[in-house]
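Asks: Any chance you can model this:
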Amino acid sequence: MEVKFNRLIPELSVSDINKSKEFYLSLGFSVVYERVEDKFCFIELDGCQLMIEEVNENWNTGDLEYPYGRGINLSIEVEDIDTLYHKVLEMNYPLFRKLQVDSYRVGDKECLDQQFLIQDPDGYLLRFIH
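Replies: Predicted coordinates:
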């Protein structure tokens with residue numbers, strides 16, 4: 001299997017690999033590959049790549065407590081934000097921020113992003129944009 005890896009791929013430490021994997025797959029992510037024995041899974045959605053691995057002693061820099069990933073949000077650009085948003089609503093996942101359009105200045109231009117935010121089972125903040 002040949003995998004094209006992005007140049008930056010966040011790896012999230014999760015409390016329960018099966019719960020996290022189920023959550024991400026329910027959003028439309030697919031498994032690229034996994035190492036079940038290591039409780040590790042490499043997932044992808046619309047070219048956005050993430051690695052999730054159950055908490056172990058390999059990467060811990062300190063104690064983890066909910067919500068994980070404080071101070072960071074993962075911006076995930078998706079092709080069909082409306083369908084994903086309605087899927088999230090149907091699954092009753094709590095919204096951190098409802099679907100909205102926001103304007104951002106990029107250099108001398110204004111860019112519009114349609115976006116919504118949710119948290120994964122460990123509290124990582126996911127910002128889906130289009």
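Asks: how much space between Ser30 and Gly47?
Replies: Ser30 sits 11 Å away from Gly47, going by CB to CB, to the nearest Å. (C-beta placed from N, C-alpha, C; glycine too.)
Asks: Also Asn92?
Replies: From Asn92 to Gly47 the distance is 28 Å (CB to CB).
Asks: go on, Gly71?
Replies: From Gly71 to Gly47 the distance is 25 Å (CB to CB).
Asks: which one of these two has more residues nearby?
Replies: Gly47 (11 against 5; other CB atoms under 10 Å).
Asks: can you give me the strands for the protein?
Replies: 11-14, 30-35, 40-45, 48-54, 73-77, 95-106, 109-119, 125-129 (DSSP state E).
Asks: which stretch among those comes nearest Leu84?
Replies: Leu84 sits nearest to strand 125-129 of all those, at 6.0 Å, using CB to CB.
Asks: in that closest one, what counts as buried?
Replies: Residues of strand 125-129 classed as buried: 125-128 (neighbour count, 16 or more other CB atoms under 10 Å).
Asks: Quick check: of these, which lies closest to Ile9?
Replies: Among those, and counting by CB to CB, the member closest to Ile9 is Leu126, at 15.1 Å.
Asks: So the closest one sits against Gln115, correct?
Replies: No. Taking contacts as CB atoms under 8 Å, Leu126 lies outside contact range of Gln115: 10.4 Å.
Asks: Rebuild the buried residues of strand 125-129 as a markdown table, extending it with distance to Asn18 and pLDDT.
Replies: Converted to a markdown table, the buried residues of strand 125-129 look like this (distance: CB to CB, whole Å; pLDDT from 0 to 100):
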| residue | distance to Asn18 | pLDDT |
| --- | --- | --- |
| Leu125 | 22 | 97 |
| Leu126 | 19 | 98 |
| Arg127 | 25 | 97 |
| Phe128 | 23 | 98 |
